[in-house]
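Trainee: I'll drop the sequence and a predicted model, then ask my questions.
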Amino acid sequence: MLLMIVLLSGEKKYSVEGSALDEVNLMGRAIYESLERNDIANIGSQLQALHSHVKENGIRADPYRNADLVVPPVNCDVKVLRELFNLQKLP
């Protein structure tokens, strides 16, 4: 079973695996697709849902372990998110 260390930016690291990790991937993809469509109204709530999912389904990881995935903070600026996802140009 695949295990990933997820760092919630500004918070803690969690190990996530199995179906919980599959959901992390789906939620991340949904955020990416929202940015692609320039549908930014729900980005904050999508990030909040992702943070909550990781906290509820992950196990706190050793803070010295390297993270496989960094999730931006809930209040992350959309311009910064676009840069992180390499979507600097507006559609």
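Mentor: Nice, I can see it. Everything numeric in this text was worked out from a predicted model, so none of it was measured.
Trainee: every contact and neighbour count from this point should use C-alpha atoms.
Mentor: OK.
Trainee: by contact count, what packs against the helix ranked longest in the chain?
Mentor: When every helix of the chain is counted residue by residue (DSSP state H), the longest turns out to be helix 18-36. With contacts defined as 3 or more Cα pairs under 8 Å, 6 or more residues apart in numbering; DSSP states H and E, the secondary structure elements packing on helix 18-36 are strand 3-8, helix 43-57.
Trainee: could you list the low-pLDDT ranges of this protein?
Mentor: Along the chain, the model assigns pLDDT under 70 to residues 88-91.
Trainee: follow-up on the earlier one: mind listing what's buried in the longest helix of the chain?
Mentor: Neighbour-count burial for helix 18-36, counted by 16 or more other Cα atoms under 10 Å, picks out 20-21, 23-24, 27-28, 31-32, 34-36.
Trainee: one more: stretch 67-83?
Mentor: Of the residues in stretch 67-83, those scored as buried under the neighbour-count criterion (16+ other Cα under 10 Å) are 67, 71-74, 81-82.
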